[in-house]
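In: I would like to see how this sequence folds:
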Amino acid sequence: MRLLAVSDIHVRQPVNRGFVEAIGAGGEHAADWLVLGGDVGESEEDLDFVLRTLAPRFARLLWVPGNHELWTLPPSTTRGEARYRALCEVCRAHGAISPEDPYPTWPGRGPATVLAPLFLLYDYSFAPDGFGPDEARAWAAEEDIVCTDEIVLHPDPHPTREAWCAARVARTAARLAALDPAMQTVLINHFPLRRDHAVLPAVPRFTPWCGTRRTEDWHLRFRARAVVFGHLHIRARRVVDGVPFHEVSLGYRGQWNTATPERYLHTILDDAAEGVTDGRVAPAAGEGR
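Out: Next comes the predicted model:
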């Protein structure tokens, strides 16, 4: 039994849809749990396809939303919280766990561990010190960077995306604080929990749309055994205060090797190892990052 994770599978791309269709088709993951770390697609139909395909192949699926799932694109008119809740209902229809469901306890070996799928969004605070949201957006625009979220990710009924983020952080922190203090956690979020992990060499001024500084210490505050995230499309493993942080993105065509899709399922917990594995994925020859 293993806890595996992948994010940013973007199934609107045909090659990525093929990735989903290939994973676990031989029944090799029947005992494993799989984390889907957001940006599976851009519609309820995309999420339904992924869950419908993978639910029979894994013991359990856990999903968190990325920014792409929260986009309102024609013909849909559902926005903000209503859109998020509709996606959670798609999860329930397939028996997948969303951030609105009770946190499950990992049934494998090792210390008692709660798996916590989170939805926290971002508040532009990953911009340079002293920048508010307006300054952060202006700073990014100096390099001609404007996130699509500014056009199609609506925060209704919250007045702004940063207000929605603040509400999600407060609600989630209270929920995590109520856990049994004897339990460790695996924290799962689409966006990185730490500003120093949002390093984007190709587009350094995209960081305002990458998370919130409010979660910098959550790996310690909530006894994390591991942290799982995506969004950056730069697979990596870092250890902070003894806690492994796994960026588990698949990404767009050219950012992964289509000849070996199975290797992009990152191992987070492994019964055979009775603990956290290193989860690293070595790049294949000629693979984009």
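
In: give me the nearest residue to the residue of the chain positioned farthest from its centre, chain neighbours excluded.
Out: What lies farthest from the middle of the chain is Glu142; by Cα atoms, centre = their mean that is 28.2 Å. Nearest residue to Glu142 in three dimensions, chain neighbours excluded: Arg205, at 7.3 Å (Cβ to Cβ, 6 or more residues apart in numbering). All C-beta spots, glycine's among them, are computed from the backbone N, C-alpha and C.

In: wait, that neighbour touches Cys147, no?
Out: No: Arg205 is beyond contact range of Cys147, at 10.4 Å (criterion: Cβ atoms under 8 Å).

In: please identify every residue contacting each of these two.
Out: Common contacts of Arg205 and Cys147 (Cβ atoms under 8 Å, 6 or more residues apart in numbering): Ala140.

In: on that earlier part again, quick check: the residue nearest to Glu142 is in a helix.
Out: Yes: under DSSP: H, G, I helix; E, B strand; the rest coil, Arg205 falls within a helix.

In: for it, give me its contacts.
Out: With Cβ under 8 Å, 6+ apart, Arg205 has these contacts: Trp139, Ala140, Glu142, Glu143, Ile145.

In: so after the helix or strand harbouring Ala138, what's the next helix or strand?
Out: Ala138 belongs to helix 133-141 when assigned by DSSP states H and E. Using DSSP H and E, the helix or strand that follows helix 133-141 in sequence is helix 149-152.

In: show me where the stretch 1-150 of the chain has helices.
Out: Under the criterion DSSP state H, counting those that start in this stretch, the stretch 1-150 of the chain contains helices at 14-22, 44-54, 80-93, 133-141, 149-152.

In: closest one to Ala182 among these?
Out: Of all the helices of the stretch 1-150 of the chain, helix 80-93 sits nearest to Ala182, with 28.3 Å by Cβ to Cβ.

In: list the buried residues for that closest one?
Out: Across helix 80-93, burial judged by 16 or more other Cβ atoms under 10 Å covers Gly80, Glu81, Arg83, Tyr84, Leu87, Cys88, Val90, Cys91.

In: pLDDT and distance to Val152 added to the residues you listed, as a markdown table?
Out: Shown next, in a markdown table, are these (pLDDT from 0 to 100; distance: Cβ to Cβ, whole Å):
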| residue | pLDDT | distance to Val152 |
| --- | --- | --- |
| Gly80 | 98 | 11 |
| Glu81 | 98 | 15 |
| Arg83 | 98 | 11 |
| Tyr84 | 98 | 14 |
| Leu87 | 98 | 15 |
| Cys88 | 98 | 19 |
| Val90 | 98 | 19 |
| Cys91 | 98 | 22 |
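
In: now those residues as TSV including distance to Leu54?
Out: Below are the buried residues of helix 80-93 laid out as TSV (distance: Cβ to Cβ, whole Å):
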residue	distance to Leu54
Gly80	27
Glu81	26
Arg83	22
Tyr84	21
Leu87	16
Cys88	17
Val90	13
Cys91	12
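
In: which of those residues sits closest to Tyr124?
Out: Using Cβ to Cβ, these come closest to Tyr124 at Gly80, 17.5 Å.

In: and that closest one, what is it in contact with?
Out: Neighbour list for Gly80: Leu70, His154, Pro155, Asp156, Pro157, His158, Trp164 [criterion: Cβ under 8 Å, 6+ apart].

In: do you know how far it is from Pro244?
Out: Distance, Gly80 to Pro244, using Cβ to Cβ, to the nearest Å: 33 Å.

In: please apply the same query to Val228.
Out: Distance, Val228 to Pro244, by Cβ to Cβ: 9 Å.

In: repeat that for Ala96.
Out: Distance from Ala96 to Pro244, by Cβ to Cβ: 24 Å.

In: if you count surrounding residues, which of those two has more?
Out: Using other Cβ atoms under 10 Å as the criterion, Ala96 and Pro244 rank with Ala96 on top: 23 against 20.

In: quick one: the strands in the stretch 101-250 of the chain, in order.
Out: Counting by DSSP state E, counting those that start in this stretch, one finds strands in the stretch 101-250 of the chain at the ranges 113-117, 184-188, 224-229, 236-240, 243-247.

In: next one: the last one to chain centre, how far?
Out: Just to be clear, that refers to strand 243-247. Counting by Cα atoms, centre = their mean, to the nearest Å, strand 243-247 is centred 12 Å from the centre of its parent chain.

In: now do the contacts for Leu115.
Out: For Leu115, the contacting residues are Leu3, Trp33, Val35, Leu62, Ile97, Tyr103, Pro104, Thr105, Trp106, Thr185, Val186, Ile188, by Cβ under 8 Å, 6+ apart.

In: all good on my end, thank you.
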